[in-house]
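In: sequence and predicted structure are below.
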Amino acid sequence: MTRVIDPQKMNEQFAHSFNLREVDALLALYEPDALLQADAAGPVRHGLQDIRSVLAGLLTVPGRMRSINNFCLELGEVALLRADWDITLDNGEVIASGSSAELVRRQPGGHWLYAIDHAVGAIVARVI
């Protein structure tokens with residue numbers, strides 16, 4: 001498994017792991033007690049076992065993922081990320097897209113893992 005040593009590369013690595021179709025490679029990007037919200041209305045998933053089921057479902061989506069990091073604000077052992085991502089079929093049709101918001105944390109070995117991942121957190125409509 002690839003360890004991400006630059007937090008700005010987290011989203012790129014997520015897309016790469018998706019394109020490899022390896023659930024374990026995706027799961028290796030998360031802390032044991034991480035939180036994941038895969039869509040705007042769905043439940044928040046907690047912990048690797050719960051997150052694994054979401055990621056396994058994600059891998060049933062056809063196409064290739066691209067994820068472009070928009071910013072990385074790093075403060076000590078944590079960093080806030082925002083990325084735009086899409087999944088595109090071979091014919092160029094975009095079948096899914098979003099803007100994510102994530103909090104990643106530096107691990108004792110120096111690599112970074114997702115602590116909180118909201119796949120569409122940067123585009124969720126405001127509730128008034």
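Out: Yep, it's here.
In: contacts, neighbours, all on C-alpha from now
Out: OK.
In: can you give me the buried ones in stretch 33-42?
Out: Asp33, Ala34, Leu35, Leu36, Gln37, Ala38 (16 or more other C-alpha atoms under 10 Å).
In: got the end-to-end distance for it?
Out: This stretch, stretch 33-42, spans 18 Å end to end (C-alpha to C-alpha, to the nearest Å).
In: got it, and stretch 21-29?
Out: Stretch 21-29: ends 14 Å apart by C-alpha to C-alpha.
In: still on that earlier bit, any chance of the buried residues of stretch 33-42 in CSV, plus distance to Val4?
Out: Formatted as CSV, these follow (distance: C-alpha to C-alpha, whole Å):
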residue, distance to Val4
Asp33, 18
Ala34, 16
Leu35, 19
Leu36, 19
Gln37, 21
Ala38, 21
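In: how about low-confidence regions in this protein?
Out: Within the chain, the ranges that satisfy pLDDT under 70 run 1, 122, 124-128.
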